[in-house]
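> sequence plus predicted model, see below.
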Amino acid sequence: MKDIALAKINSFASGSGQNSHAPPEDDIIEIPISELQGLFNELITTYNALNDLLKENSILRGRKLAELNENAMRAIKNEKSPIMKLLYLNTYIRKQINKIDKALKAGSPTATTDQRTIRQAISKIQLRAMSIVEHVKTIAEGKKEIAFNSGQARQFLAGREGQEPSRRDTIRALRRAERICPALNCGHTPYDGRATIRLVAKVEDLKSAEIKNESIDRIPRQRSRLDELKIIFFKETGGYV
């Protein structure tokens, strides 16, 4: 492995026989685009594997991991040079490794309290939205339709958290509940001068609705966008580099 680490690229260019001669360092070798594309694809696979490792071990996840993915994708997509694209991707792979290294030196991230792990994995608004959806399902039993307004939501959340959330945060939780549960509709209460926000749903639709966990789904979406770079990597170039 030490010999490989010290070897130069041109030492691989002329075969491995005793009579082969390495070309001068100023020589230019031609590399098919397909080979560079293959190398880029392999680096993407490595990046995604490290991404999963960061997320599964609670080293980096949620918004911070999404930002890392967005920055990597933007840097690679904006760069025109194929070689620079590879170097940028390698830089972000090193950043991932560096974060894993720091986490290992600091101790296992799973040693943190359950509450801290929950805060990393899911936002407070998301937690409120999920609890609202479950509560609405419970109080909807035996009814054909259900309505749950912001005032009721504030009282419900106050009972869980010990104090009432702000009106703004309550509305954010109601709108997030609509996003994670397609059966729910969030809007203004008709004929209400105060324009009170409420959730409404048909109970039959609510029973069969699945709750989406956006904090978990967000990372695969970022990952799939990064995978798209495999397709567009060399679209501006052709032939040999």
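All right, it came through fine.
> let me see the domain layout of the chain.
If you go by automatic domain parsing, the domain ranges for the chain are 32-122+214-241, 123-212.
> mind putting those in TSV, mean pLDDT and mean neighbour count included?
Every residue, glycine included, has its C-beta placed from N, CA and C. Output for these, formatted as TSV (pLDDT from 0 to 100; neighbours: other Cβ atoms under 10 Å):
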stretch	mean pLDDT	mean neighbour count
domain 32-122+214-241	73	15
domain 123-212	88	16
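> residue 199 belongs to a strand?
Yes. Judged by DSSP: H, G, I helix; E, B strand; the rest coil, residue 199 forms part of a strand.
> helices of the protein, start to end?
Listed in chain order, the helices of the chain (DSSP state H) span 2-6, 33-56, 62-78, 82-106, 114-121, 124-139, 150-161, 167-180, 203-208, 214-227, 229-232.
> adding distance to residue 189, write those out as a markdown table.
Shown next, in a markdown table, are these (distance: least, Cβ to Cβ, whole Å):
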| stretch | distance to residue 189 |
| --- | --- |
| helix 2-6 | 68 |
| helix 33-56 | 40 |
| helix 62-78 | 32 |
| helix 82-106 | 47 |
| helix 114-121 | 32 |
| helix 124-139 | 15 |
| helix 150-161 | 9 |
| helix 167-180 | 12 |
| helix 203-208 | 19 |
| helix 214-227 | 26 |
| helix 229-232 | 46 |
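> now residue 155: closest residue in space, sequence neighbours ignored.
Distances taken as Cβ to Cβ, 6 or more residues apart in numbering put residue 164 closest to residue 155, at 7.5 Å, once the chain neighbours are dropped.
> pretty sure the one you found contacts residue 152?
No. Contact criterion Cβ atoms under 8 Å: residue 164 and residue 152 do not qualify, at 11.7 Å.
> re earlier: return the backbone torsion pair for the residue nearest to residue 155.
Phi and psi for residue 164, reported as degrees, to the nearest 10, are phi -70, psi 130.
> quick one: contacts for it?
Neighbouring residues of residue 164 by Cβ atoms under 8 Å, 6 or more residues apart in numbering: 154, 155, 157, 158.
> I am finished for the moment; much appreciated.
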